[in-house]
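My questions concern the predicted model and sequence given below.
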Amino acid sequence: MVATGPAARLFSSTPLRRSEFENPFGPNSLAKVTEEEEMLRDAVRRFAEEVIQPRVESMDEAEKMDPEIIKGLFEQGLMGIETSEEHGGAAGSFTAAIIVIEELAKVDASVSVLCDVHNTLVDTVIRKYASKHLQDKYLPQLSESKLGSFCLSEPSSGSDAFAMKTSCRKSDDGKHWVLNGSKMWITNSAEAEFFIVFAQGDPSKGYKGISAFAVEKDMGVEIAKKEKKLGIRASSTCTVNFDEVKVPVENLIGEEGKGYKIAIEILNEGRVGIGAQMVGIAQGAFDKAVRYAYERKQFGKSVASFQGMQFQIAEAAVQIEAARNLVYNAARRKEEGRPFTKEAAMAKLYGSQIAESVSSLAIELCGGIGFTRESGIEKYYRDSKIGAIYEGTSNIQKQTIFKLVEGEMGLK
Ligand SMILES: Cc1cc2nc3c(=O)[nH]c(=O)nc-3n(C[C@H](O)[C@H](O)[C@H](O)COP(=O)(O)OP(=O)(O)OC[C@H]3O[C@@H](n4cnc5c(N)ncnc54)[C@H](O)[C@@H]3O)c2cc1C
C-alpha cells in the first residue's frame, strides 16, 4: 500500500536547513578565501620569492636557518598570525595561518615548519590555555621577536607520547616547578628562546599526571645534539635537556595534570598545518618541474608536448587539488567550531603521501637535471618525507581515522 499525502522531500532548502549548513564563507568552494586572506597570500608569496628563495640552497647546504629570515618573518607579522592586535599579533584566521604555511613551503619547507610550529603549536597553546598573566607576558614577545619550540617527544616516547619520562615537581618553598629530563627532535630549538614543555608529575596517574609549562631559555634550558637530517635541513632539530630547571609556579599552562589534553587538542590543529606544508611542497615541486618540461626540448619538441608527460602532470594536479581541499576543509571546520580531528588526520596523511609522490614525479619530469642539487627539485622530495613522521606518523593518522569512521558507522 502506497502512503498518501505529500511525499517527503529528499532535498529541502528551508531556512532551518540553510542555517544548519551555513558557514561564514557562504556556499563557496573550499578554497574560497577572504579578501584579507588573499592579500596575505600575495604578500607571503612576494616575501618567499624575494627574501627566502635566494637563500634556500645555501641554507640547505649549511643545514642552518639564516637569522635574517627569522627576523623577516617577525617583521612581516607572520609569527603571531592568530594572536590579537592587543598582544602584537595580526588577529588573522586559522586559515590565514594555513595559507602562510602553504605559501612558504612552496619555496622552502624548512622556513614553513619554523613558522608552522611557532604559530599553530606555540602561539596557540598560550592563546588557548595559558592564564591572562602568561598571555600578556609572552604573546607580545612571541609576535615580535622570540621564536618558540614545542617539546613533547622524548627518546623513549614518540608515537606513545604520554609515556614521557621528563618529570616535574614542586619546589619545597612552593614557588617553582622543577623540570628534569630530555626532549628529543625538537624543531626550532637551536634558535628558540621560549619552550612549551610537557612533563610528568605523578607517573602513578599515567597520562593524567602530565602538565604543560611555559619555559624561557634563560631559566636553564640546555640545547644539546643537533640532528643531521635527510630533509628540512635548515630547520633545527635538537635534543633539549632540563636539569633541575626552575620554572615559576605561575608558568604552569592551564591546570595541573591537564597537559595531555592540551597536547592532543593542539596537535589536531598542528596536523592541518603539516597538511598545508605538504601541499606547498607538492605545488612548489610541480610548478618548477612543469615549467622546465615546457622549456626542455627532445625529439625536436618540448617534452611537455608528449601525452605521456601530460597525463602524469594531470594526475599530479588532481592529487594536489584533492590534498588542498582536505586541508582547507579541516581548517574551515575548525574555524566553524565543528569536529575536525578526522579531517585533520586525513589532510596530514594524504598531504604527506602526495607531497612525496608529486615531488618524486617532479624529479622524473625534469630527467637528469631533476636529480641534481642545483635544480632545486630533489630538495622537495627530501623535504616531503618528514610529513609522514612528525606530529604523528602516518600509521597514527590512520589509527585516528579508522577509530572515528568506525564510530560514525556505529560499529564501536
Ligand atoms: C625532523 C623532526 C622534527 C620533529 N619535531 C618535533 C617537535 O618539534 N616536537 C616534538 O615534540 N617532537 C618532534 N618530533 C618527533 C616526532 O613527532 C616523532 O618522531 C614522531 O611522533 C614519531 O615518533 P618516533 O620517532 O618515536 O617513532 P615511533 O613511535 O618509534 O614509531 C616507529 C614506527 O612504528 C609505528 N607505530 C608506532 N606505534 C604504532 C601503532 N600503535 N600502530 C601502528 N604503527 C605504530 C610508527 O608509525 C612508525 O612507523 C620531530 C621529529 C623529527 C624527525
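Sure thing, it's come through. Numbering: from 1, shown residues only.

Next, the contact list for S189, please.
Taking Cβ atoms under 8 Å, 6 or more residues apart in numbering as the criterion, S189 is in contact with 149, 151, 195, 223, 236-238, 240. For glycine as for every other residue, the C-beta is placed from the backbone atoms N, C-alpha and C.

Select from the residues you listed every entry located in strands.
With strands defined by DSSP state E, the entries of those inside them are 149, 151, 195, 223, 237-238, 240.

Which two of the contacts of S189 have the greatest separation?
Considering Cβ to Cβ, no two members of the contacts of S189 lie farther apart than F195 and T237, which are separated by 14.2 Å.

Comparing those two, which residue is more hemmed in?
Residue environment comparison for F195 versus T237 gives the larger neighbour count to F195, 27 against 22, counting by other Cβ atoms under 10 Å.

got any ranges where the stretch 251-400 of the chain has weak pLDDT?
Under the criterion pLDDT under 70, no range of the stretch 251-400 of the chain is flagged.

For it, which residues are neighbours of the ligand?
Where proximity means Cβ under 6 Å from any ligand atom, the interface of the stretch 251-400 of the chain facing the ligand comprises 386, 389-393, 395-396, 399.

Same list, those residues, but as TSV with secondary structure please.
Compiled in TSV, those are given as follows (DSSP: H, G, I helix; E, B strand; the rest coil):
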residue	secondary structure
I386	helix
I389	coil
Y390	coil
E391	coil
G392	coil
T393	coil
N395	helix
I396	helix
Q399	helix
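
Same list, the ones in strands among the contacts of S189, but as a markdown table with distance to the ligand and pLDDT please.
As requested, these are arranged in a markdown table below (distance: Cβ to the nearest ligand atom, whole Å; pLDDT from 0 to 100):
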| residue | distance to the ligand | pLDDT |
| --- | --- | --- |
| S149 | 6 | 98 |
| C151 | 6 | 98 |
| F195 | 10 | 99 |
| I223 | 13 | 98 |
| T237 | 4 | 98 |
| C238 | 10 | 98 |
| V240 | 9 | 98 |
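
can you put those residues in CSV and add distance to L121?
CSV is the format used below for the ones in strands among the contacts of S189 (distance: Cβ to Cβ, whole Å):
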residue, distance to L121
S149, 9
C151, 10
F195, 11
I223, 18
T237, 15
C238, 16
V240, 15
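
And whichever strand or helix holds K246, how far out from the chain middle?
Taking DSSP states H and E as the definition, one finds K246 inside strand 237-248. Offset of strand 237-248 from its chain centre (Cα atoms, centre = their mean, to the nearest Å): 24 Å.

Also stretch 294-311?
36 Å.

Would you mind pulling the contact partners of stretch 150-158?
Stretch 150-158 is touched from outside by 117, 121-122, 125, 161, 163-166, 181-187, 189, 195-198, 240, 263, 266, with contacts defined as Cβ under 8 Å, 6+ apart.

and if we set it to 7 Å?
Applying Cβ atoms under 7 Å, 6 or more residues apart in numbering, the external contacts of stretch 150-158 come out as 117, 121-122, 161, 163-166, 181-186, 195-198, 240, 263.
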